[in-house]
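1. Show me the folded form of this:
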Amino acid sequence: MKNKFLTKVKQLCGRPSPTKRLIIVLFVCLIFAAINVYFVFSSIYNFGKSDAQRELPQIEHIEGVKIHKNDSINLLKHKLYEFE
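-> You can find the predicted model right below:
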């Protein structure tokens with residue numbers, strides 16, 4: 001069963017004749033050209049539409065980090081000062 005599958009895949013993926021290769025290349029180029037034309041014209045069509053425009057997020061200032069007084073470094077400092 002496995003050998004039949006592998007031989008079938010080798011036949012499909014084997015070196016095609018020059019005419020088959022030309023047909024495959026032209027078909028793939030045609031597909032990519034159609035996709036390219038669709039994206040170009042849809043972008044141009046939606047360029048000025050208000051529903052295609054997105055609102056930019058508000059830019060805010062960065063806030064400082066809030067450090068609590070009872071963190072481990074401050075506790076260690078307090079203990080050292082108390083010990084002296």
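2. what number of residues lie near residue 20?
-> 10 (other Cβ atoms under 10 Å). For every residue, glycine as well, the C-beta is placed using N, CA and C.
3. could you give me the average pLDDT of stretch 11-20?
-> Regarding stretch 11-20, the rounded mean pLDDT is 79.
4. Pull out the buried residues from that stretch.
-> Residues of stretch 11-20 include none that count as buried (16 or more other Cβ atoms under 10 Å).
5. do the same with stretch 39-53
-> Buried, per 16+ other Cβ under 10 Å, within stretch 39-53: nothing.
6. Let me see the ranges of the helices in the chain.
-> Counting by DSSP state H, one finds helices in the chain at the ranges 2-13, 18-45, 72-83.
7. Using CSV, write down the CA coordinates of the first one.
-> C-alpha atoms of helix 2-13 as CSV (Å, rounded to 0.1, in the frame of the first residue of the first chain):
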residue,chain,number,x,y,z
LYS,A,2,2.7,2.4,1.0
ASN,A,3,4.8,1.6,-2.1
LYS,A,4,1.9,2.3,-4.4
PHE,A,5,1.4,5.7,-2.8
LEU,A,6,5.0,6.6,-3.1
THR,A,7,5.2,5.5,-6.7
LYS,A,8,2.1,7.6,-7.5
VAL,A,9,3.6,10.6,-5.8
LYS,A,10,6.9,10.1,-7.7
GLN,A,11,5.0,10.0,-11.0
LEU,A,12,3.1,13.2,-10.2
CYS,A,13,6.1,15.0,-8.9
